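[1] structure, please.
(chains A and B)
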2 protein chains.
Amino acid sequence: MTESNPPSSYEAAGVSIERGDEATGLMRASVEATHGPQVVPNPGGFAGLYALSGLREPVLASTIDGVGTKVLVAGAVGRYDSLGADIVNHCANDVLATGATPLVFLDYVASGRLDPAVVAGVVRGAAEACRPLGISLVGGETAEMPGLYAGGDLDIVGACVGACERGDVVTGEGVEVGDVVIGLPSSGLHTNGYTLARKVVEDAGLSYASVPEGWVETVGEAYLEPHRAYVREVSALRRSVRVRGMAHVTGGGLPGNLPRALGGRGARLYEGSWEEPAVFGLIRALGKVSEDEMRRVFNLGVGFCVVVESGDAEEAMAVLRDAGSGARRIGEVVGDGGVEFVPGG
Amino acid sequence: MTESNPPSSYEAAGVSIERGDEATGLMRASVEATHGPQVVPNPGGFAGLYALSGLREPVLASTIDGVGTKVLVAGAVGRYDSLGADIVNHCANDVLATGATPLVFLDYVASGRLDPAVVAGVVRGAAEACRPLGISLVGGETAEMPGLYAGGDLDIVGACVGACERGDVVTGEGVEVGDVVIGLPSSGLHTNGYTLARKVVEDAGLSYASVPEGWVETVGEAYLEPHRAYVREVSALRRSVRVRGMAHVTGGGLPGNLPRALGGRGARLYEGSWEEPAVFGLIRALGKVSEDEMRRVFNLGVGFCVVVESGDAEEAMAVLRDAGSGARRIGEVVGDGGVEFVPGG
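    Got it, this is the predicted structure:
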């Protein structure tokens, strides 16, 4: 085992990523490219520093999450690069859903046997996902732990911290019956439901390299489609319309997540009011998965929901349309808790 | 696979921790006990909210880290509870070393097959470690990932966010030749060097249940001794003395970490000027490990260093003594980079 002097604020536990390595050089350049003037220089520092400014009553929003068994799909396909964007976008959306603006991100990559090029690819992907969202990648950790992780398998974890004015926090408290639920399209599975999604493909003996009839991409490409971030469109929306509730649709699907945005109320969603990516139809058909289970495991095409007063819905839709978000009115708030699916749309 | 409606702000990916379970009930009570008035209530929220107050020019300090293969020792001994304190204290010290006060913590626990009692024990331990440090445990994630982790093995990751005034950031920039290095005692291995520490025990055929001659505890107990936090004593010190540099001694030992606190300068450390816990002597003797390797892998008894101007050293030592810290003057700053060990002390 080699313990090394951690390079810059990028710590290495039990393993050194070669500084001279080309992939690592690109990684480092990508990470530094996320550092705006608010990152306080702290070479070799023990934590990443970020100057918070412009807030009178700042509230911090913090989250930690992993990409789950999507890493096993990446391993089967042999392409890990997109997992960096997955974890950044997943964490950023969680922060966003509280009303805060995501500001800093930290990554943790662990493996039984670290391949420096793979790790560098993941971190570079994370940095490249941070940049358009205005997020600074201020720290990370890589851990090589033989005996804990099998072979070359990885776990990828991220933490994101954001902030907003106390008065801009959105908890769903002001949501009222009759409010409109707007859905923002997902890019596919995002980072949830991979235990079932993988089982269905494996049970059917389908290769990740195969291209289903009528598709232009492989199953592996569809499964690895990165988690989409909603920071840009939701920030645009909040500049002109008051948003009463927001939900990031992750594990638990719409029934598990939308109620978290409704302050104790429920929602009626119109079946067919949004487009379902083809990957869900494949899983449903291959695995003969019940509609109820599909809804509880997958986002089914809606990655993020915003709830607005019905009188604001038209303006909200116009702003979201201008932002190229692909937003749809997908339902309305009702008095009872839970989510009900009804025909129409 | 079951995806569940995430309970409170405690998210579960791919697994539900039974809400009615006794261990989980205790976990939840412990987590809530860390929530002071600055935690903004957000039941079911997608990120933990914390109101930052009293800072004119706030700088956030963020870090992410894991407990590494200390989990494998915990698995061998069958006692995971102390790992929660390990990850909290490790992360809190990293934040502390930048000059910031640790404020919020988030945990991530992943396993191939989650044992709810084990996970609840880890989280409860984390919460109980947060409380005396004034840290709020505002979120966490548990992930069950069969196929990625072997059997009941766990990975435990934590993220900590702190803050301070911009002017209170400590980067080592003001460190000068002749400054005094004060060492604060570690409790043992903390969370680094376990690959070597485990190898030595395994190669020697030693059981974690055995009690070495002259010891009152087992090898397993010594190996699992929790990482010590230095928040209380360092905060007391900073109220009365200007601290020029701080280092958390983790992977890389004193040679790898102390220079990170010295703004490009080096240090001369006096051998024997601090006490070395017995666990290091055991590892050195059993594994015939060279002194050079011992120093590069382990903290050898110094878990945290503070650097002060020589004229402030006496007052600093007095404050640290009053805080019951066990501080020792262990060396001085020299012009050349790196760490040199010299006889004396």
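[2] show me where pLDDT drops low in chain A?
    Chain A contains residues with pLDDT under 70 at A:1-23, A:150-152, A:345.
[3] hmm, 50 instead?
    A:1-20 (pLDDT under 50).
[4] walk me through the domains of it.
    A:10-168, A:180-342 (automatic domain parsing).
[5] residue nearest the centroid of chain A?
    A:His90 (1.6 Å; Cα atoms, centre = their mean).
[6] thought that residue was touching A:His227?
    Yes - with contacts counted by Cβ atoms under 8 Å, A:His90 reaches A:His227, the gap being 5.0 Å. Just so you know, the C-beta spots here come from the backbone N, C-alpha and C atoms, and that holds for glycine as well.
[7] what residues are shared contacts of the two?
    A:190-191 (Cβ atoms under 8 Å, 6 or more residues apart in numbering or on different chains).
[8] quick one, phi/psi of the nearest residue to A:Gly44 once chain neighbours are set aside?
    Among residues not flanking A:Gly44 along the chain, B:Arg260 sits closest, at 3.9 Å (Cβ to Cβ, 6 or more residues apart in numbering or on different chains). Here is the backbone geometry of B:Arg260 (degrees, to the nearest 10): phi -70, psi -20.
[9] who's in contact with B:Arg260?
    A:6, A:44-46, B:172, B:247.
[10] show me where the stretch 201-345 of chain A has its helices.
    A:219-224, A:231-240, A:253-257, A:278-287, A:291-297, A:313-322 (DSSP state H, counting those that start in this stretch).
[11] is chain B within reach of the longest helix seen in chain A?
    Ranked by number of residues, the top helix in chain A under DSSP state H is helix A:116-133. No - Helix A:116-133 is not in contact with chain B by Cβ under 8 Å from any Cβ of the partner chain; minimum separation 12.0 Å.
[12] against which helices or strands is that helix packed?
    helix A:22-32, helix A:83-96, strand A:101-111, strand A:136-144, strand A:154-165, helix A:231-240 (3 or more Cβ pairs under 8 Å, 6 or more residues apart in numbering or on different chains; DSSP states H and E).
[13] right, so of those, which gets closest to A:Ser62?
    strand A:154-165 (4.9 Å; Cβ to Cβ).
[14] quick one: that closest one to strand A:136-144, angle?
    Using axes from the mean of the first three to the mean of the last three Cα atoms, to 10 degrees, the direction of strand A:154-165 lies 150 degrees away from that of strand A:136-144.
[15] quick check: which of the helices and strands packed on helix A:116-133 is buried the most?
    helix A:83-96 (a mean of 28; mean count of other Cβ atoms under 10 Å in any protein chain shown).
[16] which secondary structure element contains A:Gly54?
    According to DSSP states H and E, A:Gly54 maps onto no helix or strand at all.
[17] count the neighbours of it for me.
    Neighbour count for A:Gly54, taken as other Cβ atoms under 10 Å in any protein chain shown: 7.
[18] how about A:Ala76?
    17.
[19] A:Val71 too?
    For A:Val71, using other Cβ under 10 Å, the count is 25.
[20] before we move on, what about A:Asp81?
    A:Asp81 has 17 nearby residues by other Cβ under 10 Å.
[21] A:Asp115 too?
    A:Asp115: 13 neighbours (other Cβ under 10 Å).
[22] what do you get for A:Gly252?
    27.
[23] isn't A:Gly303 up against A:Ser187?
    Yes - A:Gly303 is in contact with A:Ser187 according to Cβ under 8 Å; the separation is 7.2 Å.
[24] now do the shared contacts for those two.
    Contacts common to A:Gly303 and A:Ser187, judged by Cβ under 8 Å, 6+ apart, are A:227-228.
[25] and the two? which has more neighbours close in?
    In terms of neighbours (other Cβ under 10 Å), A:Gly303 is the more surrounded of A:Gly303 and A:Ser187; the figures are 23 against 17.
[26] ok, that one to B:Glu141 distance?
    Applying Cβ to Cβ, to the nearest Å, the value for A:Gly303 to B:Glu141 is 18 Å.
[27] show me what contacts A:Val73?
    A:Val73 touches A:194, A:197-198, A:208, A:220, A:223-224, counting by Cβ under 8 Å, 6+ apart.
[28] actually, A:Ala323.
    Counted by Cβ under 8 Å, 6+ apart, A:Ala323 has contacts A:232-233, A:236-237.
[29] I'd say A:Asp203 and A:Gly287 touch.
    Yes - using Cβ under 8 Å, A:Asp203 is in contact with A:Gly287, at 6.9 Å.
[30] and the two? which has more neighbours close in?
    Higher neighbour count among A:Asp203 and A:Gly287: A:Gly287, with 17 against 10, using other Cβ under 10 Å.
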